[in-house]
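Participant: can't give you the sequence, but here's the structure:
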């Protein structure tokens with residue numbers, strides 16, 4: 001199935017207006033111009049988004065220290081949160097629905113006052129400019145407000161996924177050393193109640209602010225504090241103006257070693273998120289943007305900035321997006337842009353539980369996080385009466401996407417139509433030659449690209465030993481193929497990282513946990529994409545230690561330990577015994593060989 005934009009859609013789109021401004025009638029020519037005239041494109045984008053600056057930049061881009069150390073909005077003073085509150089006071093900033101409750105709304109003025117109260121509260125708890133807090137919460141109105149308030153107060157925010165195990169939370173606390181951690185007592189999912197505060201305590205945080213969702217005070221440690229005792233009544237707060245280079249958010253992305261990479265977002269990274277929302281997702285004033293996610297994944301901060309900077313409404317649904325209630329919420333909240341991961345659509349298609357709702361308000365969907373399947377994307381298109389799906393792929397260290405779709409081009413299910421505006425990449429084959437199929441290497445500089453890591457050598461991770469090319473290349477790790485019609489498909493990862501259920505995780509993390517099982521002598525985890533495309537399956541090869549109980553259910557044990565120690569969302573699909581793991585001369589596991597063995 002394909003979707004084609006009408007002339008009216010093209011002319012009224014944000015891309016269409018930008019093309020008209022610069023006298024372009026052909027999208028490909030326009031994309032090329034955004035790359036060849038990077039400074040003009042990003043100057044115009046900062047203007048289009050009306051990014052608020054206390055002191056205007058001297059240069060939009062400074063590369064005195066090399067393209068890998070690019071500085072954007074050089075010489076400016078700003079706080080990116082100021083750019084999130086430019087809609088009308090009475091415009092809806094967030095529309096949200098708590099579990100088993102009615103839909104509620106909060107205006108921009110009300111959200112701003114809430115954010116200011118939180119910003120005023122930090123000093124009373126000895127959290128000052130340059131300190132770090134952590135947020136381990138579901139995507140709630142409090143989570144969004146705390147996040148914005150901390151950045152507004154010049155405080156760094158480490159964001160942690162609420163589904164992570166205590167062990168994974170502890171790793172993130174150890175890296176970032178937060179002075180204050182925000183969490184809630186439990187998470188409600190339908191009839192289920194999942195403890196959160198007690199799990200956070202296992203990671204030994206310094207001090208915790210606890211939100212009680214039923215207003216029934218749970219038992220807490222003496223040094224911890226309840227939300228209502230934390231919150232100030234002062235709703236006036238002047239944002240702390242900083243250099244664009246100052247860290248605002250610390251996100252985590254798995255690499256090929258056990259410890260996750262701690263990736264700082266500065267005050268310019270959200271501009272990349274907002275620009276992708278503006279151009280590629282065509283978010284316009286008072287649109288309603290829904291994306292089931294979490295602040296611990298990059299799409300959480302992306303949602304906050306892409307919606308608010310574009311003067312749109314954030315739509316939050318507190319319960320599971322798999323259940324019927326979510327479909328009704330999307331209908332009643334009049335969501336105009338709905339983001340998903342393909343695994344969600346697969347379940348909707350299987351259960352047929354979204355088909356009875358009127359989703360005609362939707363102008364476009366977006367799919368990210370894992371490889372999609374054309375059949376399921378066609379199904380999604382039909383759920384909203386023939387609306388396009390913006391395929392969108394990027395990374396935490398990009399602040400958005402490097403490959404995407406648009407509303408001004410023909411939309412083909414499960415295909416990407418373009419490289420993202422303002423950025424470029426090449427695909428290199430195994431001989432390090434430019435090819436239509438191969439590993440993706442980014443061409444810096446691009447607004448949003450990280451320039452530092454908190455706990456690793458940034459240059460070593462992204463630039464060391466990259467192939468010689470006519471320009472400097474930056475490693476990314478996806479494998480992409482360009483099709484005969486010049487559209488693209490993402491094939492998955494070429495390194496040891498994998499996407500499972502929309503979550504990036506390293507094979508090493510999985511293997512370290514499975515190594516604890518008594519029957520495992522050594523093991524290797526791989527992600528395998530189904531032949532017709534779609535979400536990857538987690539396959540584990542293991543060499544038997546011959547120390548186990550022969551009657552034990554090994555697959556079940558593997559599933560349980562991954563669920564408990566890493567993430568309940570990761571599921572081991574198959575556990576396969578092998579005599580010996582294939583290795584290179586340098587003793588590295590040959591995962592491609594294992595994929596070949598599996599496929600045979």
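Facilitator: Received the coordinates, thanks. Small disclaimer: the values here were computed from a predicted structure and weren't measured.

Participant: which pLDDT does the model give the closest residue to residue 80 other than its chain neighbours?
Facilitator: With sequence-adjacent residues excluded and distances taken as CB to CB, 6 or more residues apart in numbering, residue 80 is closest to residue 267, at 4.4 Å. Heads up, the C-betas are built off the backbone N, CA and C, glycines and all. In the prediction, the pLDDT value recorded for residue 267 is 98.

Participant: got phi/psi on residue 267?
Facilitator: Note on residue 267: backbone dihedrals following degrees, to the nearest 10 are phi -70, psi -10.

Participant: list the residues that contact it.
Facilitator: If you count contacts by CB atoms under 8 Å, 6 or more residues apart in numbering, residue 267 has them with 73, 78, 79, 80, 242, 243, 244, 245, 246, 248.

Participant: sec struct for the first one, please.
Facilitator: Put plainly, it is residue 73. Using DSSP: H, G, I helix; E, B strand; the rest coil as the criterion, the local structure at residue 73 reads strand.

Participant: let me see the contact set for it.
Facilitator: If you count contacts by CB under 8 Å, 6+ apart, residue 73 has them with 46, 51, 53, 57, 60, 244, 267, 268.

Participant: repeat for the third one
Facilitator: Counting by CB under 8 Å, 6+ apart, residue 79 touches 52, 54, 151, 152, 154, 239, 240, 241, 242, 267.

Participant: that older thread, secondary structure for the contacts of residue 73 - can I get that in TSV?
Facilitator: Compiled in TSV, the contacts of residue 73 are given as follows (three-state DSSP):
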residue	secondary structure
46	helix
51	coil
53	coil
57	coil
60	strand
244	coil
267	coil
268	coil
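
Participant: most neighbours among the residues you listed, which one?
Facilitator: Highest neighbour count within those: residue 267, with 28 neighbours (other CB atoms under 10 Å).

Participant: which of the contacts of residue 79 sit farthest apart?
Facilitator: Between all members of the contacts of residue 79, the longest pairwise span (CB to CB) is found for 52 and 154 and amounts to 15.5 Å.

Participant: which parts of this protein belong to which domain?
Facilitator: In terms of domains, the chain is parsed into 2-53+272-491, 499-599 (source: automatic domain parsing).

Participant: worst mean pLDDT among those domains?
Facilitator: Mean pLDDT values for the domains of the chain show the minimum at domain 499-599, a mean of 83.

Participant: now do the same end-to-end measure for that domain.
Facilitator: Between the opening and closing residues of domain 499-599 we find a distance of 19 Å, counting by CA to CA, to the nearest Å.

Participant: centre of the chain to that domain, how far?
Facilitator: For domain 499-599, the distance from its own C-alpha centre to the chain's C-alpha centre is 25 Å (CA atoms, centre = their mean, to the nearest Å).

Participant: state the next helix or strand along the chain beyond the strand or helix carrying residue 513.
Facilitator: Using DSSP states H and E, residue 513 maps to helix 507-514. Remark: after helix 507-514, the chain's next helix or strand is strand 520-528, criterion DSSP H and E.

Participant: quick check: bridge partners of the closest residue to residue 594 other than its chain neighbours?
Facilitator: Nearest residue to residue 594, sequence neighbours excluded (CB to CB, 6+ apart): residue 526, at 5.1 Å. Beta-bridge pairing of residue 526 under DSSP bridges involves residue 539.

Participant: show me the helices in the stretch 1-150 of the chain, by range?
Facilitator: Remark: helices of the stretch 1-150 of the chain, listed N- to C-terminal, are 7-12, 14-21, 27-36, 38-48, 108-121, 141-152; assignment by DSSP state H, counting those that start in this stretch.

Participant: out of the ones you listed, which is the most enclosed?
Facilitator: Using mean count of other CB atoms under 10 Å, the stretch among these with the greatest mean number of neighbours is helix 141-152 (a mean of 25).

Participant: from the contacts of residue 73, pick the one nearest residue 123.
Facilitator: Here the nearest of these to residue 123, counting by CB to CB, is residue 267; it sits at 21.1 Å.

Participant: just the buried ones from the contacts of residue 79?
Facilitator: For these, a burial check counting by 16 or more other CB atoms under 10 Å picks out 52, 151, 152, 154, 239, 240, 241, 242, 267.

Participant: now, which of those sits nearest residue 511?
Facilitator: After measuring these against residue 511 - CB to CB - the closest member comes out as residue 151, at 36.0 Å.

Participant: and for the residue nearest to that closest one when sequence neighbours are not counted, the neighbour number?
Facilitator: If you skip the residues right next to it in sequence, residue 151 has residue 248 as its closest partner in space, 4.7 Å away by CB to CB, 6+ apart. Applying other CB under 10 Å, we find 25 other residues in the vicinity of residue 248.

Participant: and residue 248, which of the three is it?
Facilitator: For residue 248, the secondary-structure state derived from three-state DSSP is strand.

Participant: wait, it touches residue 80, no?
Facilitator: Yes - counting by CB atoms under 8 Å, residue 248 touches residue 80, with 6.5 Å between them.

Participant: thinking again about what came up before, need the contacts of residue 73 in a markdown table (columns: distance to residue 522).
Facilitator: Converted to a markdown table, those look like this (distance: CB to CB, whole Å):
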| residue | distance to residue 522 |
| --- | --- |
| 46 | 51 |
| 51 | 51 |
| 53 | 54 |
| 57 | 53 |
| 60 | 51 |
| 244 | 46 |
| 267 | 45 |
| 268 | 44 |
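
Participant: and those, which two are furthest apart?
Facilitator: Spatially, the most separated pair among the contacts of residue 73 is 60 and 267, at 14.1 Å (CB to CB).

Participant: what about stretch 205-218, average pLDDT?
Facilitator: 89.

Participant: tell me which residues of it come out buried.
Facilitator: Of the residues in stretch 205-218, those scored as buried under the neighbour-count criterion (16+ other CB under 10 Å) are 205, 207, 208, 209, 210, 211, 212, 213.

Participant: do stretch 423-431 as well
Facilitator: Of the residues in stretch 423-431, 423, 424, 425, 426, 427, 428 count as buried by neighbour count, 16+ other CB under 10 Å.

Participant: chain center to that stretch, what's the gap?
Facilitator: 23 Å.

Participant: tell me which of the helices of the stretch 1-150 of the chain sits nearest to residue 439.
Facilitator: When these are ranked by proximity to residue 439, the top entry is helix 27-36, at 20.0 Å, counting by CB to CB.

Participant: which elements pack onto that closest one?
Facilitator: helix 14-21, helix 38-48, strand 418-419 (3 or more CB pairs under 8 Å, 6 or more residues apart in numbering; DSSP states H and E).

Participant: can you put those in a markdown table and add distance to residue 93?
Facilitator: A markdown table is the format used below for the helices and strands packed on helix 27-36 (distance: least, CB to CB, whole Å):
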| stretch | distance to residue 93 |
| --- | --- |
| helix 14-21 | 20 |
| helix 38-48 | 20 |
| strand 418-419 | 31 |
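
Participant: the ones you listed: which one's closest to residue 2?
Facilitator: Nearest to residue 2, of all the helices and strands packed on helix 27-36, is strand 418-419, at 15.3 Å by CB to CB.

Participant: just after the closest one, pick out the following helix or strand.
Facilitator: Counting by DSSP H and E, the element after strand 418-419 in chain order, helix or strand, is strand 424-428.
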